[in-house]
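Chemist: Just a sequence and a predicted model for now, questions to come.
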Amino acid sequence: MKNSTRPPHPLPPGLLLILRQAAWLRGALIALGVVFYAVLDPGRGALLPLLAIGLERAAFIALVNWNALREGLGTRFLPLALGWLCLTPVLEIAFAFFARDETLRAIGVQADVLGISSPLIWLLVPVVLAAWQYGPRGLFLALGILVGEHIALGVALWTGVPFGVSFALSAAGRLATLALLGYVVMLLVEAQQTEHRALQAAHRQLAQRAATAEQLAASRERNRMARELHDILAHSLSALSIQLQMIAKLLDDDLDEAKTELHEAQQVARSSVTEVRRAIQQLRATPLADLGLAEALRDLCRAQAERTGARCDVEIANIAALDAPTEQTVYRIAHEALANIERHAAATQVEVRLAIRDDRLLRLTIHDNGVGFDTHALPPGHYGLLGMAERAREANGELRVESAVGKGTILVLEVPA
């Protein structure tokens, strides 16, 4: 058997506040009326009945303000409080009419006229709160209690047909008004709850899509890095394998040439280790999260200028923050382009430009004055261009490379901003 201390209808803080405010206001108004008539007409022998009314109000105030009592009652607290509010306003008027003391009669009549204990005002509180918290079931139950209470009161106060007709019309109008207001509140609460559920569902869908997009981006990044590492290792190991075979043949015939080939093989191995480390560092680095796109690009250029001694000029327009995948694409392509310039171009000057065109395309331009190459016959080691082009396509963008031997290279990336 499962035990749960969680109530089926958690009590909203706003509902409890309304109960407390209604209790204190009604208690203060009744106390004010009692004091007023006690001073105006003292010595009428109405002390005990007046104290009974005051004690009833004090008990209700204690019920809604005493947290330990409320927690002890648990789920029974709210039905008890609402039932109490449904019964006491009408019972107080009946008590005043049945009282033998003229002071109590005067209090009952005057209080009703002044609105201090008018049933239409004070019965509105439990009806609205019942509709708010319990929906149609709460509204029908509260109205059922009030209908039964008015019928009993009409029978108790019966003095004839004229009185009965007048009382029935008054009670019907009062109950109809209460029912209408409770129904409106119930509709508003249901609309609010429906909207809240829709927002929660939309939030869950958004979170799921964000998680899926993140997983997809991570998967694409792993695949791209796997291809890049494969290209680096395959190219380097193939070169090493050929050189080692040549060294094995030259050891018996030409020792000096074998030493030369061995030195070149060592250079290839060192270069391969450097490229692998660069790829791993690129995979691990999170400069975008730390610096933002603009500063991350500047940092790339500063680092390259320090390593190579080449001049690197950066011009970045004042652009609004972009979505994470777009920023990632721009940064990774810029990183790979600058790495290619460092490895192959022997450039002395590099220019990096980033701006948004009028047609909402983000354009990254990287221009170097290096040795250039024939774009129709890529030399070994330019496998990075394929990865950059693939990145651009995944971002619904386009990558263009313009180069010629001895005339440098211009790389242009355009992606939707």
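Modeler: Structure received.

Chemist: all helices of the stretch 301-417 of the chain, in order?
Modeler: Remark: helices assigned in the stretch 301-417 of the chain by DSSP state H, counting those that start in this stretch are 324-340, 384-394.

Chemist: I'd like to check the angle between the first one and helix 384-394, please.
Modeler: Translated: helix 324-340. Angle of helix 324-340 versus helix 384-394, following axes from the mean of the first three to the mean of the last three CA atoms, to 10 degrees, is 170 degrees.

Chemist: elements contacting helix 324-340?
Modeler: helix 161-253, helix 255-284, helix 287-291, helix 293-308, strand 349-356, strand 361-368, helix 384-394, strand 409-416 (3 or more CB pairs under 8 Å, 6 or more residues apart in numbering; DSSP states H and E). (Each C-beta comes from the backbone N, C-alpha and C, glycine too.)

Chemist: As TSV, these with mean pLDDT, mean neighbour count and distance to Arg57 would be great.
Modeler: Formatted as TSV, these follow (pLDDT from 0 to 100; neighbours: other CB atoms under 10 Å; distance: least, CB to CB, whole Å):
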stretch	mean pLDDT	mean neighbour count	distance to Arg57
helix 161-253	78	13	22
helix 255-284	73	14	70
helix 287-291	70	13	61
helix 293-308	88	16	66
strand 349-356	92	18	69
strand 361-368	93	21	70
helix 384-394	83	17	72
strand 409-416	93	20	68
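
Chemist: For these, please prepare JSON lines with the additional fields distance to Ala324.
Modeler: As requested, these are exported to JSON lines (distance: least, CB to CB, whole Å):
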{"stretch": "helix 161-253", "distance to Ala324": "8"}
{"stretch": "helix 255-284", "distance to Ala324": "16"}
{"stretch": "helix 287-291", "distance to Ala324": "8"}
{"stretch": "helix 293-308", "distance to Ala324": "10"}
{"stretch": "strand 349-356", "distance to Ala324": "16"}
{"stretch": "strand 361-368", "distance to Ala324": "14"}
{"stretch": "helix 384-394", "distance to Ala324": "14"}
{"stretch": "strand 409-416", "distance to Ala324": "13"}
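
Chemist: From Ala191, how far out is the residue nearest the centre of the chain?
Modeler: Closest residue to the average C-alpha location of the chain: His203 at 6.8 Å, with CA atoms, centre = their mean. Distance, His203 to Ala191, using CB to CB, to the nearest Å: 19 Å.

Chemist: quick one: the most far-flung residue of the chain relative to its centre and Gln266, what's the gap?
Modeler: Here the centre of the chain is the reference, and by CA atoms, centre = their mean the most remote residue is Asp253, at 74.4 Å. Going from Asp253 to Gln266 by CB to CB gives 21 Å.

Chemist: what does Gln200 give?
Modeler: Distance, Gln200 to Gln266, by CB to CB: 62 Å.

Chemist: quick one: the helices in the stretch 1-150 of the chain?
Modeler: In the stretch 1-150 of the chain, the helices defined using DSSP H, counting those that start in this stretch lie at 13-40, 47-65, 67-73, 77-98, 102-114, 119-122, 124-134, 136-156.

Chemist: which of those has the lowest average pLDDT?
Modeler: With a mean of 44, helix 102-114 has the lowest mean pLDDT of the helices of the stretch 1-150 of the chain.

Chemist: what's near enough to touch the nearest residue to Gly370 once chain neighbours are set aside?
Modeler: Distances taken as CB to CB, 6 or more residues apart in numbering place Ala345 nearest to Gly370, at 2.7 Å, with adjacent residues excluded. Ala345 makes contact with Asp368, Gly370, Val371, Gly372, Gly408, Thr409, according to CB atoms under 8 Å, 6 or more residues apart in numbering.

Chemist: Next, give phi and psi for His376.
Modeler: phi -90, psi -10 (degrees, to the nearest 10).

Chemist: If you tally nearby residues, what's the number for it?
Modeler: 5 (other CB atoms under 10 Å).

Chemist: Relative to Leu385, how far out is it?
Modeler: From His376 to Leu385 the distance is 12 Å (CB to CB).
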